[in-house]
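In: only geometry, no sequence info:
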């Protein structure tokens, strides 16, 4: 099947809103100091064959987590884009939709988004601190990216089906879209979102413990073919020290933090990666890790093997997974399944 490559959500909603990179003053030099970062794995040439479709239904930005009962749970941006839905599976093969929907609108900070009929984007499901959590996002209600918002829901029963309460009902936790959670070895949990922003949460997860900050890479990447037009609008015309412009995800291998996010590469909505020994960075030079793997996330299965979610390429806006390995230097490669 010939792969289809799609625009990110904002490109689709705001086609033409970003100035052309060349006009905006982007440089034309090659990837700065690219030798210091891993290269895209040669195994990615077999990407199409390795993608495993989970079920035939519209789901973008799929997120999967393994619950304490050995059940996998899946969510993502669904048809209609106005609520959070959940699926479950015991084996990553057979999936069943749960009788669950969560719609935003009850919390005070939701009201401007509700009045404008904004969609709900890119929820993620996580199991931490003995219960389930759902992150969620709404895009701007004014046309300005800064007026987007992200929040966090907590299951009050410890079950994926909830019910859920909004952790921060009076104000958004993130000032943009695409929220995720990361738990460090010491139990500290961080709310990460958008283009590489991060806030540490309070120990009881009742809200953020600090102001947000932006994670940066130490080696700028000024190559215009590595960036979406939206990078100019989000980061500015001369800023090249970002991991991406949306779809951030953070994980840890041994003592190394691996930061991923979405940007363009060779015309594809791609997952980029960089590493650091400090959670706040600076992060290494980035590299294109998974072609058309933009806005993915990573999870471990019951035997500890890594997988990446995918919704682009041969599956096109349907939930899929990809078997991968992740090394401590940030190298992401396809895992050969026996």
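Out: In hand now; what should we look at? Since this is a predicted model, take the numbers as computed values, not measurements.
In: So the nearest residue to residue 309 once chain neighbours are set aside versus residue 279, what's the distance?
Out: Computed as CB to CB, 6 or more residues apart in numbering, the closest residue to residue 309 that is not its neighbour in sequence is residue 62, at 4.3 Å. Every residue, glycine included, has its C-beta placed from N, CA and C. From residue 62 over to residue 279 the distance is 25 Å, taken as CB to CB, to the nearest Å.
In: out of these two, which sits in the more crowded spot?
Out: Counted by other CB atoms under 10 Å, residue 62 and residue 279 do not tie: residue 62 has more neighbours, with 26 against 18.
In: my guess is that one contacts residue 74, does it?
Out: Yes. Counting by CB atoms under 8 Å, residue 62 touches residue 74, with 6.1 Å between them.
In: Overlap of the contact sets of these two?
Out: Counting by CB atoms under 8 Å, 6 or more residues apart in numbering, the contacts common to residue 62 and residue 74 are 54, 319.
In: hey, what's the nearest residue to residue 283 once chain neighbours are set aside bridged with?
Out: Distance criterion CB to CB, 6+ apart; nearest residue to residue 283, sequence neighbours excluded, is residue 274 at 3.9 Å. Judged by DSSP bridges, the bridge partners of residue 274 are residue 259.
In: got it, and residue 63?
Out: When bridges are called by DSSP bridges, residue 63 pairs up with residue 75.
In: neighbours of it, just the number please.
Out: Counted with other CB under 10 Å, residue 63 comes out at 25.
In: cool, and residue 67?
Out: So residue 67, with other CB under 10 Å, has 15 neighbours.
In: The one 4 residues further on now?
Out: Residue 71 has 14 neighbouring residues, counting by other CB under 10 Å.
In: Not counting its neighbours along the chain, what's nearest it?
Out: The nearest residue in space to residue 71 (CB to CB, 6+ apart) is residue 88, at 5.2 Å.
In: Count the residues that sit near residue 134.
Out: 25.
In: show me the contacts for the nearest residue to it once chain neighbours are set aside.
Out: Of all residues not flanking residue 134 in the chain, residue 153 sits nearest, at 4.2 Å (CB to CB, 6+ apart). Residue 153 is in contact with 102, 133, 134, 135, 136, 162, 164, 165, 166, 167, counting by CB under 8 Å, 6+ apart.
In: of the residues you listed, closest to residue 295?
Out: Nearest to residue 295 among those is residue 135, at 12.9 Å by CB to CB.
In: tell me which element the closest one is part of?
Out: Assignment of secondary structure by DSSP states H and E places residue 135 within strand 131-138.
In: and that strand, what does it pack onto?
Out: For strand 131-138, the helices and strands in contact under the criterion 3 or more CB pairs under 8 Å, 6 or more residues apart in numbering; DSSP states H and E are strand 121-128, strand 149-155, strand 179-183, strand 189-193.
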